[in-house]
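Student: Sequence below, structure please.
(2 chains)
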Amino acid sequence: MAAKQGVVQTSRFAAWVSSPTGPKTTHFWGPIANWGFVLAGLADTATKPPESISRNMTAAMCVYSLLFMRFAWAINPCNYLLFACHASNECVQLNQMRRWASVQPWAADYGFAAKGAASAESK
Amino acid sequence: MASSQAPGLGQKLRQLWNHPAGPKTIHFWAPTFKWGISFANIADMQRPAELISYPQQCAITATGIIWSRFSTQISPVNYNLLAVNAFMAVTGIYQLSRKIRHDMEKKEPEAAAAATTA
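Tutor: So this is what the prediction gives:
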């Protein structure tokens, strides 16, 4: 990509890097930071037992991501990165909610107790 | 009735209610609900420190800090978003400090036991 005299030809990538919503701005890093929730949720799903899940935090995340999916769609311009982030977080947090519920004492009554978890009968 | 020169309370409330970022819109409820994460974190301060998740609290702290900066760079400046994210970062930092302190205290007797048996 040769630069002509007096004419600056930038690649699309370079144009994006210096755009008002590009990686030099907080408009980019804000949504990127929110992917931290998704990664943290996946790490916790893979490595932590269901007993360590916080019901309050997981429920708050489920509602929060639902609201922000709508928010990312409704703002001008649509922030697809933010939308994708919260859609993913919604899935991850709902799964965490399911894992939390599977080790609750009442889970056996509804037929989704975790295999090998302490059940109500053992009390 | 409100005079035309000095809008009364009723008119001000109606303006707020019908505002494009007011309580009828997602622009209001999404940032407002973000307080739920901070409140959930405060409730979790009652839980034992070993149940705290490092990745989750790091994500909460980093998000809080970055979005606090974000909310001062957008136009117009969104002080509600700034407040909620700053508070969220503080709760995240506190939870992280609890977890780190717990892990350090756990290491000390283990290190002492290892030193005496070595």
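Student: buried ones in the helix or strand of chain A with the lowest mean pLDDT?
Tutor: Least confident helix or strand, chain A: helix A:107-110 with a mean of 84, by mean pLDDT, DSSP states H and E. Applying a neighbour-count criterion of 16 or more other CB atoms under 10 Å in any protein chain shown, the buried positions in helix A:107-110 are A:A107. The C-beta positions use only the backbone N, C-alpha and C, and glycine is treated the same way.
Student: How about stretch A:100-108?
Tutor: A:100-104, A:107.
Student: can that stretch be found next to chain B?
Tutor: No. In terms of CB under 8 Å from any CB of the partner chain, no part of stretch A:100-108 sits within range of chain B; the closest distance is 11.9 Å.
Student: same check, this time on stretch A:54-71
Tutor: Yes. Legend: contact between stretch A:54-71 and chain B by CB under 8 Å from any CB is shown at A:54, A:56-57, A:59-61, A:63-64, A:67-68, A:70-71.
Student: List just the nearest of these to B:W67.
Tutor: Each of the residues of stretch A:54-71 next to chain B was checked against B:W67 using CB to CB; the closest is A:F68, at 11.1 Å.
Student: Listing request: residues of the chain with sub-threshold pLDDT.
Tutor: I'll assume chain A. Within chain A, the ranges that satisfy pLDDT under 70 run A:1-9, A:116-123.
Student: wait, chain B
Tutor: B:1-6, B:75-76, B:118.
Student: how about the most centrally placed residue in chain A, what does it touch?
Tutor: Against the mean C-alpha coordinate of chain A, by CA atoms, centre = their mean, the closest residue is A:N89 at 2.5 Å. Residues in contact with A:N89, defined by CB atoms under 8 Å, 6 or more residues apart in numbering or on different chains, are A:34, A:37-38, A:41, A:61, A:65.
Student: residue contacts, the closest residue in space to it that isn't next to it in sequence?
Tutor: For A:N89, the nearest residue in space outside its immediate sequence neighbours is A:S65; the separation is 4.3 Å by CB to CB, 6 or more residues apart in numbering or on different chains. Contacts for A:S65 (CB under 8 Å, 6+ apart) come out as A:37, A:86-87, A:89-90, A:93.
Student: Buried among the residues of stretch A:54-71 next to chain B? Make that a PyMOL selection.
Tutor: Taking 16+ other CB under 10 Å as the burial criterion, the selection of buried members of these in PyMOL is written as:
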select buried, chain A and resi 54+56+57+59+60+61+64+67+68+70+71
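Student: B:A115: which of the buried residues of stretch A:100-108 is nearest?
Tutor: For those, the closest approach to B:A115 (CB to CB) belongs to A:V103, at 38.1 Å.
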